[in-house]
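Q: I'll drop the sequence and a predicted model, then ask my questions.
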Amino acid sequence: MKVLNLIWGFSLGAGIDKCFLTYHGLSAEDSSVEVLSVCINLKNLDSHIEPLREIGAVIIDINSRKDFSWIGKLHSLILKERPDLVFTHGFNGAIMMGIMRMFGRCHVPVVCSNHGRYTGPTPFRRLVEPMVNRLMYITYQTVAVSVICVDGSGREEVLSGGVPPDKITVVHNGIPDRTPAVAHNAVPEIITASRISVEKGLNHLLQALAIIKDKGIPFRYRMIGEGPELNNMKQLAGQLQLTDCVQFEGFRSDVPECLDQADIFALPSLREYHSIAVLEAMRAAKAIVATNVGGNCESVTDECQGLIVPPADSEALAAAIERLLSDSALRRTLGDAARRRFVDEFTESAMKRGIINALKKAVGK
């Protein structure tokens, strides 16, 4: 089975990009699967695309979102490579294939992975958010032969968008295992590693840290990642007088090593699906504080592998983090349990097997 693994844009900080790289390696799990990875790369975004070159992906450069030259180039590539199916990702991927089918440029089966609804990062884009999501669901209904969701909450959203249940499969995300290291910090270190965008709720985390600082409790916090809200987060940290204990590190290619150095991982998302960042923290055996949204509770059970708090609640975040800061034994207990659950359920191998089975079923292989 030959799979054309297709993504629109690449930033590496987003979980969907990490999944795309993992999907490229499906043949390592099943030698009957051949994968050709393709990225439509928006040059004006100046993305970190070195990992794409490392895996030998085909990179189709375009100048902006208004540059539709990718349609002809992708059509030519499909004719040349003759894949058994196109496997595409996220709302951009679904809309891409809708456009291709509308212009008669793709006649092979299409399988879409769903990593959540589109969330507009600016006021203007929030106006078009319902239209983008509607186009995504229309593509799922009319073009896709199958939709693979990464968690149960995503499945419910896709169902509510009018997609028949027999088209939908849930395959949880997974990542490669590695041996974690134990942090040795005199002052406990908190870390986040995610795209810096509105839906990640990082403003609520900074407000929670200000509450903790006002109580005189020592900590350090590292915010890793890039995104449209980064400057706003830096300004907020200044307003909250957190600059002496908060570090903004931007893009890092060594997130696993950064997690090794931390004591607590926080994910204050307002909207989430099956978070790769949470899986990375579980793999690293870190105590986790996450919000009760999307697929977070499919990874972490409250009081078992971490602490779960309501979204947009800085006081609840502060209370959970303060509890972990003051109890090193609880941090170890939760971190060890998170690590065990990761090994049991969320490895890369488990995800690959699930994806391969879903793709083969979709095209009758």
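A: Nice, thanks for sending it over. Residues are numbered from 1 along each chain as shown.
Q: Following element in sequence after the lengthiest helix in the chain, please.
A: Determined from DSSP state H, the single longest helix within the chain is helix 123-142. Following helix 123-142 in sequence order, the next helix or strand is strand 144-149 (DSSP states H and E).
Q: chain center to that following strand, what's the gap?
A: In terms of C-alpha atoms, centre = their mean, to the nearest Å, the centre of strand 144-149 is set 18 Å apart from its chain centre.
Q: and the longest helix of the chain with strand 144-149, angle?
A: Between the axes of helix 123-142 and strand 144-149, defined by axes from the mean of the first three to the mean of the last three C-alpha atoms, to 10 degrees, the angle is 120 degrees.
Q: Flag every buried residue along helix 123-142.
A: Neighbour counts using 16 or more other C-beta atoms under 10 Å place 132, 133, 135, 136, 137, 138, 139, 140 of helix 123-142 among the buried residues. Yep, even glycine has a C-beta here, placed from its N, CA and C like the rest.
Q: before we move on, what about stretch 180-196?
A: Under the neighbour-count criterion of 16+ other C-beta under 10 Å, stretch 180-196 has 180, 183, 188, 189, 190, 191, 192, 193, 194, 195, 196 buried.
Q: pLDDT score assigned to residue 87?
A: Per-residue confidence (pLDDT) for residue 87: 98.
Q: For the strand or helix carrying it, name the packing helices and strands.
A: Taking DSSP H and E as the criterion, residue 87 maps to strand 85-89. Judged by 3 or more C-beta pairs under 8 Å, 6 or more residues apart in numbering; DSSP states H and E, strand 85-89 is in contact with strand 2-8, helix 15-24, helix 90-102, strand 110-114, helix 348-363.
Q: Adjacent strands (with direction) for the first one?
A: Based on DSSP bridges, the strands next to strand 2-8 in the sheet, each with its direction, are strand 34-42 (parallel), strand 85-89 (parallel).
Q: List the buried residues of the first one.
A: Taking 16+ other C-beta under 10 Å as the neighbour-count basis, strand 34-42 is seen to contain the buried residues 35, 36, 37, 38, 39, 40, 41, 42.
Q: now, among the residues you listed, which is nearest to residue 168?
A: residue 35 (22.5 Å; C-beta to C-beta).
Q: Contact partners for the closest one?
A: Taking C-beta atoms under 8 Å, 6 or more residues apart in numbering, we find residue 35 in contact with 2, 3, 5, 23, 24, 25, 26, 27.
Q: again, only using 7 Å
A: By C-beta atoms under 7 Å, 6 or more residues apart in numbering, residue 35 lies in contact with 3, 5, 23, 24, 26, 27.
Q: Beta-bridge partners for it, please?
A: residue 3.
Q: Read off the pLDDT value for it.
A: Per-residue confidence (pLDDT) for residue 35: 98.
Q: What helix or strand is residue 274 located in?
A: Under DSSP H and E, no helix or strand contains residue 274.
Q: Over to the one 5 residues further on?
A: Remark: residue 279 resides in helix 276-283, with elements defined by DSSP H and E.
Q: So what's the gap between whichever helix or strand comes after that helix and the chain middle?
A: Sequence-wise, the next helix or strand downstream of helix 276-283 (DSSP H and E) is strand 287-291. Mean-position distance between strand 287-291 and its chain equals 16 Å (C-alpha atoms, centre = their mean).
Q: Give the pairing partners of strand 287-291; include direction for each.
A: When pairing is defined by DSSP bridges, strand 287-291 lines up against strand 264-267 (parallel), strand 307-309 (parallel).
Q: Please read off the pLDDT at the closest residue to residue 260 other than its chain neighbours from the model.
A: Computed as C-beta to C-beta, 6 or more residues apart in numbering, the closest residue to residue 260 that is not its neighbour in sequence is residue 181, at 3.9 Å. Here, the pLDDT recorded for residue 181 equals 92.
Q: go on, the one 10 residues further on?
A: Residue-level confidence at residue 191 comes out at 98, pLDDT.
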